[in-house]
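Asks: Next come a sequence and a model predicted from it.
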Amino acid sequence: MITVKNLCKDFNSIKALNNINFTVRRGEIVALLGPNGAGKSTLMRLLSGCIDPTAGEIEIFKQNYNNSRRQILSELGYVPENAPLYGEMTVFEFLKFMAAAGGLSSTEAGKKIAELARQFELSDVLTQKCETLSKGFKRRVAIAGTLTSSPRILILDEPAEGLDPNQKFSLRQFLKDYAQKNIVIISTHIMEEVTALSSRVLLLNRGKLIKDTTAALLSELSPDNSLETAFRNITRQKQ
């Protein structure tokens with residue numbers, strides 16, 4: 001479980017996040033929504049331990065980064081929007097490197113890589129250098145790399161970026177299955193992804209959490225029952 005209490009983050013005079021509170025439990029797929037500059041990326045970086053809060057606290061499985069950083073990081077996977085890959089490595093070498101970093105033995109790594117290669121349709125590019133991959137393949141390799149350690153919390157920024165419709169469908173099905181025993185948090189601007197995938201929506205604007213709801217209930221707040229219209233109307237009203 002993730003518990004966020006009175007979370008704030010300032011960058012000099014800019015208040016990126018202001019008094020954020022929410023809880024996420026196992027089995028949920030939470031979509032972070034908000035216009036550019038709302039604080040979504042800042043929140044993901046805080047949850048993943050990349051930066052520290054100005055105030056407030058984050059508890060992950062009843063632990064915090066001050067006392068249990070290594071333990072938390074071993075159970076958490078974060079893939080930013082432009083996740084870096086080691087371009088000179090082949091896909092197999094990159095996945096093997098990520099598996100080793102997660103503490104897997106060579107035998108365990110081999111089994112996990114084979115499983116992920118099937119799941120993300122990477123078998124044909126395992127010997128190809130990462131720098132030569134298409135945008136969609138790079139995205140899938142980055143996600144697969146994070147999954148080598150089977151994190152209990154998976155945080156993805158724009159997970160469907162660069163994927164074709166079939167790949168998006170496959171990723172959605174994978175994440176739904178994965179979330180049954182874990183926590184998945186995504187950030188996306190694609191309303192279709194929010195509707196198809198999320199069990200819950202956290203809507204941020206100007207550093208504040210303004211809605212904690214579901215995609216269906218959020219859509220009902222618009223005259224045309226459209227998530228996009230509701231998003232636009234609510235975020236404009238809060239400016």
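Replies: The structure has been received and is ready for your questions.

Asks: need the contact list for the residue most central in space within the chain.
Replies: To find the centre residue of the chain, average its C-alpha atoms and take the closest one (Cα atoms, centre = their mean): that gives L156, at 1.9 Å. Listed by Cβ atoms under 8 Å, 6 or more residues apart in numbering, the contact set of L156 reads 78-79, 143, 184-187. Heads up, the C-betas are built off the backbone N, CA and C, glycines and all.

Asks: Now, the residues you listed that are in strands?
Replies: Under the assignment DSSP state E, the contacts of L156 contribute 78-79, 184-187 to strands.

Asks: domain assignment for the chain?
Replies: With automatic domain parsing as the criterion, the domains of the chain are listed as 1-75+151-227, 87-150.

Asks: Would you mind giving those as CSV with mean pLDDT and distance to R236 added?
Replies: Output for the domains of the chain, formatted as CSV (pLDDT from 0 to 100; distance: least, Cβ to Cβ, whole Å):
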stretch, mean pLDDT, distance to R236
domain 1-75+151-227, 93, 9
domain 87-150, 94, 31
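
Asks: I210 contacts L203, doesn't it?
Replies: Yes. Proximity of I210 to L203 meets the contact threshold set by Cβ atoms under 8 Å, at 5.5 Å.

Asks: Now the common contact residues for these two.
Replies: Residues within reach of I210 and of L203 at once, by Cβ under 8 Å, 6+ apart, are 234-235.

Asks: the more surrounded of the two?
Replies: Applying other Cβ atoms under 10 Å to I210 and L203 shows that L203 carries more neighbours, namely 23 against 17.

Asks: what's in contact with stretch 163-181?
Replies: Counting by Cβ under 8 Å, 6+ apart, stretch 163-181 makes contact with 26-29, 119-121, 136, 139-140, 143, 154, 159-160, 184, 186, 193, 196-197, 199, all of which sit outside it.

Asks: residues near the nearest residue to M1 once chain neighbours are set aside, how many?
Replies: Take M1 and drop its neighbours on the chain: the residue closest to it by Cβ to Cβ, 6 or more residues apart in numbering is R25, 5.2 Å away. As a burial measure, R25 scores 11 neighbours (other Cβ under 10 Å).

Asks: what's near enough to touch A100?
Replies: Contact criterion Cβ under 8 Å, 6+ apart gives A109 as the residues in contact with A100.

Asks: I meant to write I183 there.
Replies: Counted by Cβ under 8 Å, 6+ apart, I183 has contacts 1-2, 24-28, 30, 152-154.

Asks: In what element of secondary structure is R232 found?
Replies: R232 belongs to helix 227-237 when elements are defined using DSSP states H and E.

Asks: That helix: which residues count as buried?
Replies: Residues 227, 230-231, 234-235 are the ones in helix 227-237 that count as buried (16 or more other Cβ atoms under 10 Å).

Asks: what are the C-alpha coordinates of it, in PDB please?
Replies: Below are the C-alpha coordinates for helix 227-237, written out as PDB (Å, rounded to 0.1, in the frame of the first residue of the first chain):
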ATOM      1  CA  LEU A 227     -13.900  12.200 -20.200                       C
ATOM      2  CA  GLU A 228     -12.000  14.700 -22.400                       C
ATOM      3  CA  THR A 229     -14.700  17.300 -22.000                       C
ATOM      4  CA  ALA A 230     -14.900  16.800 -18.200                       C
ATOM      5  CA  PHE A 231     -11.100  17.100 -18.000                       C
ATOM      6  CA  ARG A 232     -11.000  20.300 -20.000                       C
ATOM      7  CA  ASN A 233     -13.900  21.900 -18.100                       C
ATOM      8  CA  ILE A 234     -12.600  21.000 -14.600                       C
ATOM      9  CA  THR A 235      -9.000  22.100 -15.200                       C
ATOM     10  CA  ARG A 236     -10.100  25.400 -16.800                       C
ATOM     11  CA  GLN A 237     -12.400  26.100 -13.900                       C
END
